[in-house]
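[1] Sequence and predicted structure, then a few things I'm wondering about:
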Amino acid sequence: MEQATFDVGILTVVDILSIATAIMLGFLFITLKSNNKKANIFLGMFLWSLAIEVLESFLESVSFQTIEIQMLQTTFATIPLLLLYIQATLKIKFKILYLILFLPFVISNLLGFHEELIKYIEYIFNLTLLYIILRKIKEHQNKVTDYYSDIENKTLLWIKTIVYIFLFFHVFWILEDIIGFQSEIITQYFAFLSVVLTFFMIYWIAYNGFSQKEIFTTSLFQIEEKKEVFVDEDTKEEFEQVSGIIEKDKLYLDGNLNLRTLSEKVNIKERELSKLIKTHTNKNFYHFVNQFRVQEFKKLVISPKATQLSLLGLAQEAGFSSKSTFYTVFKNMEGVTPKQYQDSLKESE
């Protein structure tokens, strides 16, 4: 049976492109003027740290065996920098205490560890931080739907892809240490995948990082978690008044409507307003507001405007500011796509 092989020359070129691109992008993020300046500095440093890791691996793979090159070890710095990027994007104030995250990085470079020991410490350290990052993203998803009526570029879900790539690398390395891979084909496949995935990850960061704006301009309120939601009849009238104001003034037509702006319109504190919505609808702010937009779209689709505008145009008229939010919300609420809904109306005529 013929063994699978990969062109080392191509992988070398991809590695060089990854290193050069990560260094260049890191510089751009650090010097970029934006509302997300502090977070972008951490993202730029993350890319530089990743570039050093790729460079070290690259030098080991090419013909430098006779030359001993002392490299800065950044395996303990890369993922902490990703965590700090998320913290800064979410407007979580940087604390001096966070510098403890870089203690393993400092010790490994100044004092050094035994090669086998440092490997296992690295696995535990990085996997723990990756778990924390996933938890933070999940917690953020819950908060963002309680606060915004449009969550485009606000969920940080793109970072999950980066986390999963790192998890893939670590799982393979751990399996390799535990059982060992005797087959050269498996090693070649992993080398190929690691080079390609790293290249993809760098460009994925570039694509999303530049479009990722500062999510919260001020600290987001904390909603008290409740195990059960009971309908409070005493606040039913208050909730109906809020719904009435939203519908009468068509506040949902504002694509940037969030909990803070609505609380100012109805003169109710954010925390109380969020609780009011959850208690009487069992929905978060995101779904509560978008149900008004869906109803508005359904009115528009049978109005004269339907002959002048596309489905997306009608959605924007209804208050949806992004195509993805519109299609996702409509399908979840109506069980069909907007196009299928429009077609069903034509068939019933």
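    Structure's in. What do you need? Computed from a predicted structure; not experimentally measured. Numbering: from 1, shown residues only.
[2] What are the structural domain limits within the protein?
    Following automatic domain parsing, the chain resolves into domains at 8-209, 233-348.
[3] low-confidence ranges in the stretch 201-349 of the chain?
    Across the stretch 201-349 of the chain, residues meeting the criterion (pLDDT under 70) sit at 214, 216-233, 349.
[4] which SS state does S321 fall under?
    coil (DSSP: H, G, I helix; E, B strand; the rest coil).
[5] tally of neighbours for K154?
    The local packing of K154 (other CB atoms under 10 Å) involves 19 other residues. All C-beta atoms are positioned from the backbone trio N, CA, C, and that covers glycine.
[6] helix/strand/coil for it?
    K154 is classified as coil under three-state DSSP.
[7] before we move on, what about I215?
    coil.
[8] close enough to count as contact, it and I92?
    No - applying CB atoms under 8 Å, one finds I215 not in contact with I92, separated by 10.8 Å.
[9] Verify the contact between F320 and S149 for me.
    No - counting by CB under 8 Å, F320 stays clear of S149, with 9.2 Å between them.
[10] tell me, what's touching those two both at once?
    G255, N290, R293 (CB atoms under 8 Å, 6 or more residues apart in numbering).
[11] give me every residue that touches the residue nearest to the spatial centre of the chain.
    What sits nearest the mean C-alpha location of the chain, by CA atoms, centre = their mean, is L156, with 1.9 Å. Counting by CB under 8 Å, 6+ apart, L156 touches I86, T89, I137, H140, Q141, Q212, I215.
[12] Ok, N126 next?
    Contacts of N126 (CB under 8 Å, 6+ apart): T75, F76, I79, F166, H170.
[13] Scan these and report the most crowded one.
    Of the contacts of N126, with other CB under 10 Å as the count, I79 tops at 26 neighbours.
[14] Would you indicate which residues of the longest helix seen in the chain are buried?
    Longest helix in the chain, counting residues (DSSP state H): helix 115-147. Neighbour counts over helix 115-147 (16 or more other CB atoms under 10 Å) mark 118, 121-122, 125-127, 129-130, 133, 136-137, 140, 143-147 as buried.
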